[in-house]
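Colleague: my questions are about this predicted structure, shown below with the sequence.
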Amino acid sequence: MNPIEQLTPQIVWKNFHALTQIPRPSGHVDKVAAFLVDFAKQHGADAHIDEAGNVIMTKGATPGYENRAVTVLQAHMDMVPQKTKESKHNFETDPLDVYIDGEWVTARDTTLGADDGMGVAAAMAVIEDETVEHGPIEVLITKDEETGMYGAFGLKAGELKGKYLLNLDSEEEGEITIGCAGGMDVVCTMEYQPLNVEADNMKAYRINIKGLYGGHSGLEICKGRANANKLMARILFAAVNTQLAWVSTWHGGNMRNAIPRDGEAVVLVPAAAEDKFLALIDKCRTTFTQEYGDIEKDGIQLTATLLDTVPATAIPQEIQENLINAVLAAHDGVLRYTPTMPDLVETSSNLAIINIADGKAEIDILARSSQDSMKLALCNSLLACFSMAGMQVKFEGGYSGWTPNPSSPLVAMMSDVYEKMYGKRPVVSACHAGLECGIIGVNYPEMDMASFGPTLVSPHTPSEACFIPSVEKFYNFILEILKNIPEA
């Protein structure tokens with residue numbers, strides 16, 4: 001037995017470990033979906049995959065609870081595939097290498113997938129455990145939440161019968177979330193004719209930025225962490241405008257909802273300017289370390305490596321200047337805090353992904369806000385910025401936030417239950433991350449919802465970890481909530 005499977009409660013950790021052994025990055029969840037359906041049927045629950053690819057399980061009430069309202073346990077099956085630059089892990093084929101580190105469970109050089117594997121594991125435990133007292137239960141495990149909440153968007157009205165929904169996708173034990181921000185993907189694209197390069201008297205360097213903390217672009221956007229794409233834009237702006245370099249390719253980030261940790265650009269450097277170019281890299285490294293030393297405590301790794309061959313093409317001068325200027329000018333990070341809740345981010349953007357090579361450029365930004373008007377204003381400002389650079393800009397995958405209901409009977413009951421169990425009231429608040437509750441609520445407007453979970457740190461990064469003692473409290477809280485669901 002793996003040591004993780006011996007942690008308490010074993011029924012949750014066993015299921016979580018099983019999930020870590022099944023590759024399930026967003027966009028590649030067929031194996032885990034089939035696994036979940038088979039698991040449910042093995043334990044006497046009905047299960048099927050709906051038209052959107054969500055797994056839906058149903059389990060009847062235990063004796064004496066038949067008249068209770070139907071409760072939905074909801075989580076998502078996919079995980080964010082982030083790894084260190086040195087890792088050879090293939091998220092589509094390889095199991096995760098998970099281990100215990102003191103009071104935490106984490107994974108070697110990759111994301112852990114406790115977001116939201118821990119929620120899925122808890123729902124599985126409820127299905128499996130015949131000693132749990134509960135009314136009728138539905139389990140909704142959605143598809144591809146991390147890349148666009150596609151499963152939640154595809155869930156049809158009438159598929160569920162539940163009156164209450166427990167979203168198991170929050171990341172601080174002792175908190176109940178009752179609202180979240182909405183989001184919009186801002187996708188900027190263009191095509192260009194690559195410029196043929198005269199290799200004589202030119203050298204090629206690969207600039208690499210790596211080792212940044214990155215993080216969840218909703219929950220951790222307020223922590224002031226460095227964005228690899230914005231740092232690279234500063235370097236390229238300085239190098240291009242002093243004629244020290246010409247950009248051939250530029251790549252950074254790989255997930256819309258993860259603050260980019262790494263980036264690279266291949267540049268052409270006149271041989272006569274090589275020393276000045278390397279001096280500029282040294283200066284940027286010193287500057288970034290001074291600016292972010294108290295935040296990026298593992299250090300910012302900025303290198304320029306001489307390449308053996310000079311690329312055959314580069315980005316035309318006007319286009320490279322326009323693209324660099326646009327990335328440098330575009331808003332990234334917190335735009336505004338909630339006026340009535342000054343500690344809660346209201347509006348933000350994450351300049352998440354840059355891919356410029358071979359005549360094509362794409363820049364992806366995730367804008368978030370709990371105010372639809374502010375979300376639109378932010379998106380329009382990004383539209384204006386990148387349109388001036390000659391890019392085509394589209395808004396995709398938009399969704400409104402989940403409006404808090406302070407009068408929720410479910411939340412009132414949950415707060416009372418938590419206080420009886422642990423001697424203190426839980427924190428009830430909204431968050432800046434995107435949760436599926438608001439999307440599900442469009443087709444289920446009468447459903448009363450709340451979100452909670454165990455304590456996780458650094459989701460969407462290779463430093464993701466789950467606090468072991470919080471899992472038992474989280475799971476026991478679920479069981480007590482189920483016992484206290486009122487009659488229909």
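Modeller: Received the coordinates, thanks. Numbers count the residues shown, from 1 in each chain.
Colleague: contacting residues around the nearest residue to P316 once chain neighbours are set aside?
Modeller: Residue nearest to P316 in three dimensions, not counting chain neighbours: L195, with 4.8 Å by C-beta to C-beta, 6 or more residues apart in numbering. Just so you know, the C-beta spots here come from the backbone N, C-alpha and C atoms, and that holds for glycine as well. Going by C-beta atoms under 8 Å, 6 or more residues apart in numbering, L195 touches T313, A314, I315, P316, Q317.
Colleague: repeat that with 10 Å
Modeller: With contact taken as C-beta atoms under 10 Å, 6 or more residues apart in numbering, L195 is in contact with W246, S248, A312, T313, A314, I315, P316, Q317, I319, Q320.
Colleague: which ones among those residues are found in helices?
Modeller: Mapping the contacts of L195 onto helices (DSSP state H) picks out Q317, I319, Q320.
Colleague: may I see the ChimeraX selection of the buried members of the residues you listed?
Modeller: Selection of buried members from the ones in helices among the contacts of L195 for ChimeraX, criterion 16 or more other C-beta atoms under 10 Å:
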select :319,320
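Colleague: quick one: the strands in the stretch 1-150 of the chain, in order.
Modeller: For the stretch 1-150 of the chain, the strands defined by DSSP state E, counting those that start in this stretch occupy 46-49, 55-59, 71-76, 98-101, 104-107, 137-142.
Colleague: just to revisit the earlier point, quick check: phi and psi at the residue nearest to P316.
Modeller: The phi and psi values for L195, taken as degrees, to the nearest 10, are phi -90, psi 130.
Colleague: same check, this time on the one 3 residues further on
Modeller: Summarising the backbone geometry of E198 under the convention degrees, to the nearest 10, its torsions are phi -90, psi 110.
Colleague: hang on, it packs against V310?
Modeller: Yes: counting by C-beta atoms under 10 Å, V310 is a contact partner of E198 at 9.2 Å.
Colleague: ok, those two, which is more surrounded?
Modeller: Per other C-beta atoms under 10 Å, whichever of E198 and V310 has more neighbours is V310, with 17 against 9.
Colleague: who are the contact partners of the more buried one?
Modeller: Counting by C-beta under 10 Å, 6+ apart, V310 touches V197, E198, A199, D200, M202, K203, A204, S248, V266, L268, V269.
Colleague: nearest to A226 among those residues?
Modeller: Distance to A226 across those (C-beta to C-beta) is lowest for V266, with 21.2 Å.
Colleague: who are the contact partners of that closest one?
Modeller: Applying C-beta under 10 Å, 6+ apart, the residues near V266 are 204-207, 245, 247-251, 305, 307, 310-311, 314, 357.
Colleague: try 7 Å
Modeller: A204, R206, S248, T249, P311 (C-beta atoms under 7 Å, 6 or more residues apart in numbering).
Colleague: so what strands line up beside the helix or strand encompassing it?
Modeller: Assessed by DSSP states H and E, V266 sits inside strand 263-270. Note on strand 263-270: by DSSP bridges, its sheet partners are strand 202-210 (antiparallel), strand 246-252 (antiparallel).
Colleague: contacts for the helix or strand following the shortest one?
Modeller: Put plainly, it is strand 246-252. Using DSSP H and E, the helix or strand that follows strand 246-252 towards the C-terminus is strand 258-259. By C-beta under 7 Å, 6+ apart, the residues outside strand 258-259 that reach it are V80, Q82, G214, G215, S217, E220, I221, R225, N227, N350, A352, H460.
Colleague: now the third one. Nearest residue, chain neighbours left out?
Modeller: Once flanking residues are discounted, G214 sits nearest to R261: 3.5 Å by C-beta to C-beta, 6+ apart.
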